[in-house]
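Engineer: I'd like to go over a predicted model; first the sequence, then the structure.
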Amino acid sequence: MSIEAVVWDVDDTLFDYTSADRAGMREHLAAEGLLDGYVGVEQALARWREVTDQQWARYAAGEASFEGQRRDRVRVFLGEELTDAEADDWFHRYRAHYERAWALFPDVLPALDLLAASHRHGVLSNSSIHVQEYKLRALGVRERFEMVLCAAELGVSKPDAQAFRAACDALELPAHQVAYVGDHPEIDGRGAADAGLLSIWIDRGGAYAAVEAPVGPYRIVSLAELPALLGADTRFGAPSTFR
């Protein structure tokens, strides 16, 4: 059965979240005068990423709301008992720096252009609809996707099969006619495969080099490999040699 639609993750798949987060936080910490407590900026950025990953895991497990995990990221990072308003203000100041660094990966628009006529497209993210709708519009690609679904509104997060099936239901397609493209080998790769979708894990820059590749998803290192996997025009790139 042919693949009729592609559902996409956003952060670190379409949007270069890691680079934007690092650039934005570097500027924010300098502006806030918070670098003196660290050996260097890299130590501070590593601590921010560590806290972000910890709090995001709590949110994904249903232990915190989307807004709550964001506030707790600030509290834990600063080591201060802040009110909600104080934590929100600090995060919003960081966000201003972060948004100035937003960019799509360079292989995104060529892939979307090539697949526009042959496949339908949607988004499934573990974030919030308000965050991702705004981000996709700011990046100039919201109109490329006929639907955007997010965990905060769905009430279920990837890798739960219900999240992937909700995306298929929104497209009115069975899972075996839908491909999912995401950057995390477990949350995206194994999750989509276990839900019955054609799972494609994009391993950008070996970010998960220490993680054993899961059984199920195809592994690619660039979206240039995607059209061949989907049976589209293969002039854009060669088939992946990984599985």
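Structural biologist: Looks like it arrived, so ask away. Numbers count the residues shown, from 1 in each chain.
Engineer: Mind listing what's buried along stretch 213-224?
Structural biologist: By 16 or more other CB atoms under 10 Å, the buried positions in stretch 213-224 come out as 214, 216, 217, 218, 219, 220, 221, 223, 224. Any C-beta I mention is one placed from the backbone N, CA and C, and that applies to glycine too.
Engineer: my bad, should have said stretch 148-156
Structural biologist: Within stretch 148-156, the residues that qualify as buried are 148, 149, 150, 151, 152, 154, counting by 16+ other CB under 10 Å.
Engineer: ok, for the third one, nearest residue in space, not its chain neighbours?
Structural biologist: So that's residue 150. residue 129 (4.4 Å; CB to CB, 6 or more residues apart in numbering).
Engineer: The one you found against residue 147, yeah?
Structural biologist: No - Residue 129 is not in contact with residue 147 according to CB atoms under 8 Å; the separation is 10.5 Å.
Engineer: Help me confirm that residue 15 comes into contact with residue 99.
Structural biologist: No - Residue 15 lies out of contact with residue 99 (CB under 8 Å); the separation is 11.3 Å.
Engineer: What residues sit buried inside stretch 88-97?
Structural biologist: Neighbour-count burial for stretch 88-97 [16+ other CB under 10 Å]: 88, 90, 91, 94, 97.
Engineer: I believe the first one is in a strand; please confirm or correct that.
Structural biologist: This points to residue 88. No - using DSSP: H, G, I helix; E, B strand; the rest coil, the secondary structure at residue 88 is helix, not a strand.
Engineer: Now do the same for it: its pLDDT.
Structural biologist: In this model, residue 88 is scored at 97, pLDDT.
Engineer: who's in contact with it?
Structural biologist: The contact partners of residue 88, taken as CB atoms under 8 Å, 6 or more residues apart in numbering, are 70, 71.
Engineer: How about the second one?
Structural biologist: Neighbouring residues of residue 90 by CB under 8 Å, 6+ apart: 32, 74, 78, 82.
Engineer: How many neighbouring residues does residue 40 have?
Structural biologist: For residue 40, the count of nearby residues is 9 (other CB atoms under 10 Å).
Engineer: and residue 195, what are its phi and psi?
Structural biologist: Main-chain dihedrals, residue 195, degrees, to the nearest 10: phi -80, psi 0.
Engineer: Hmm, it is touching residue 169, no?
Structural biologist: No - between residue 195 and residue 169 there is no contact under CB under 8 Å: 11.6 Å.
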